[in-house]
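> got a predicted model here, sequence first, then my questions.
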Amino acid sequence: MRTADLDSSFRREARGRRFSGLSGRLNAVASAVAIAALLASCAPAASPSIAPSRSPTASASIAPASPSTTSAFPVTLTDDEGTSVTIPAEPQRLVSLAPGTTEILFALAIGDRVLATDSASDYPAAAVQLPDVAAFGSVDVEQIVGLEADLVIAGGNGYTPPHGVAKLRSLGIPVLVVYAATVAGVADDVELVATATGRAAEGTELAATMRADIAALAAAAASLPMPRTFYEVDATNEIYGPADDSFLAEMVELAGGSPVTSGSADTFEIPLERLIAADPEVIVLGDAAFGTTADAVGQRPSWSVMTAVRTGAVRVADDKLITRPGPRLAQGLRSLILAIHPGASLP
């Protein structure tokens, strides 16, 4: 595979992993193809200080919304790719092609309307039982048509292939493409999906809760020291971490860390020499679910010179919560804060 092809594959897969929330362990060429899940081509991150745009709710956890009045239809919305999408009536037969949107639909208490999902939709448990009609970079248009879907919610930035989106639209099926490039954008997308499905009031409540929880957690983390923090996406062969100004770099900053990044806006690979020079004080293992341990990190050639390894500040985190753009993002931020600042007092 040529270098240009490999780089292109890497970026495409990064988008896939960004949606699925997996930072995983990969092998050789597949490593470059698969790491990109973390946030390829994300737009510049928002400011680390995220204030709720609405009055915060009391709850610090996100529970499924309770039924209420539905939105007026028909409704025309602009999706995250700038496409105007008209939804003629409140959709009852939904297909979700990204795990973050699957979680949003279930949190809005309309999981019973979801007919099918993509292969990475693994939460909640009820979603796992649904048929898969898509995977990263592929979509089964015929099966979706056969399900008589009246709204498809797709993953943007190439997670759902554009030709599949175009085909579904040409067949008269409304397709809303969702891709949150920043932390603030995740709550915005909750409201977008809620309005599209007749749950505008519930979406407003859920998004307000998310914004309030994230703001409260970020405020608590802002009072803490900011250790140089490297979030490891993968290090099976090459080393991968957050790109500059990426969604993941923003999450690390919100969690009270000074992110050690690749030095590029669209490259996730970081040379060992650059990582050693940055000398992270904390290393967070986003690839822990794939078997990476602190002991294994300590045994890597040349890694023992880093402060994080010498002081034992190599810690695990739940990558799906931290990187998946869905309603559990505040939980992900909490887990990341505690990985960077064990024992921190959080709201």
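Here it is on my side, so go on.
> give me the below-cutoff pLDDT ranges for this protein.
Low-confidence regions of the chain, defined by pLDDT under 70, span residues 1-71.
> how about the helices in it?
For the chain, applying DSSP state H gives helices covering 3-20, 28-35, 99-107, 125-128, 141-146, 162-170, 183-196, 200-222, 247-254, 272-278, 294-298, 307-310, 319-323, 329-340.
> any chance of those in CSV, plus mean neighbour count and distance to Val233?
In this view, the C-beta of every residue, glycine as well, is placed from N, C-alpha and C. Formatted as CSV, these follow (neighbours: other C-beta atoms under 10 Å; distance: least, C-beta to C-beta, whole Å):
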stretch, mean neighbour count, distance to Val233
helix 3-20, 21, 8
helix 28-35, 20, 6
helix 99-107, 28, 17
helix 125-128, 13, 24
helix 141-146, 16, 31
helix 162-170, 16, 25
helix 183-196, 24, 18
helix 200-222, 22, 21
helix 247-254, 25, 8
helix 272-278, 14, 12
helix 294-298, 14, 14
helix 307-310, 18, 16
helix 319-323, 25, 8
helix 329-340, 24, 14
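> adding distance to Pro91, write those out as TSV.
Output for those, formatted as TSV (distance: least, C-beta to C-beta, whole Å):
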stretch	distance to Pro91
helix 3-20	21
helix 28-35	33
helix 99-107	10
helix 125-128	17
helix 141-146	13
helix 162-170	13
helix 183-196	7
helix 200-222	13
helix 247-254	28
helix 272-278	47
helix 294-298	47
helix 307-310	48
helix 319-323	27
helix 329-340	24
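> ok, for the residue in the chain sticking out farthest from the centre, nearest residue in space, not its chain neighbours?
Most distant from the centre of the chain: Val305, at 31.8 Å, with distances by C-alpha atoms, centre = their mean. If you skip the residues right next to it in sequence, Val305 has Ile276 as its closest partner in space, 6.2 Å away by C-beta to C-beta, 6 or more residues apart in numbering.
> got it, and Val114?
Leu94 (4.9 Å).
> wait, which of the helices of the chain is closest to Ser264?
helix 272-278 (10.5 Å; C-beta to C-beta).
> re the thing from before, these two touch, right, the residue nearest to Val305 and Ser304?
No: counting by C-beta atoms under 8 Å, Ile276 stays clear of Ser304, with 10.3 Å between them.
> count the neighbours of Gln299 for me.
Gln299 has 10 neighbours, counted by other C-beta atoms under 10 Å.
> likewise the one 4 residues further on?
For Trp303, the number of neighbouring residues by other C-beta under 10 Å comes to 20.
> so which of the helices of the chain is nearest Asp234?
Nearest of the helices of the chain (C-beta to C-beta): helix 28-35, 5.0 Å.
> which residues does Ala116 contact?
Val95, Ser96, Leu130, Pro131, Asp132, Val133, Gln143, Ile144, Leu147, Ala149 (C-beta atoms under 8 Å, 6 or more residues apart in numbering).
> could you do Glu191 as well?
Glu191 sits in contact with Ala200, Gly203, Thr204, Ala207, where contact means C-beta under 8 Å, 6+ apart.
> swap in Gln143?
Residues in contact with Gln143 (C-beta under 8 Å, 6+ apart) are Ala116, Pro131, Val133.
> and Gln331, how far from Ala317?
Gln331 is 11 Å from Ala317, where distance means C-beta to C-beta, to the nearest Å.
> partners of Ser96 in the sheet?
Here Ser96 sits in beta bridges with Ile153, going by DSSP bridges.
> cool, Leu77 as well?
Taking DSSP bridges as the rule, Leu77 bridges to Val85.
> any idea how far Ala212 is from it?
For Leu77, the distance to Ala212 - C-beta to C-beta - is 24 Å.
> domain parsing for this protein?
With domains defined by automatic domain parsing, the chain comprises 3-41+224-340, 75-217.
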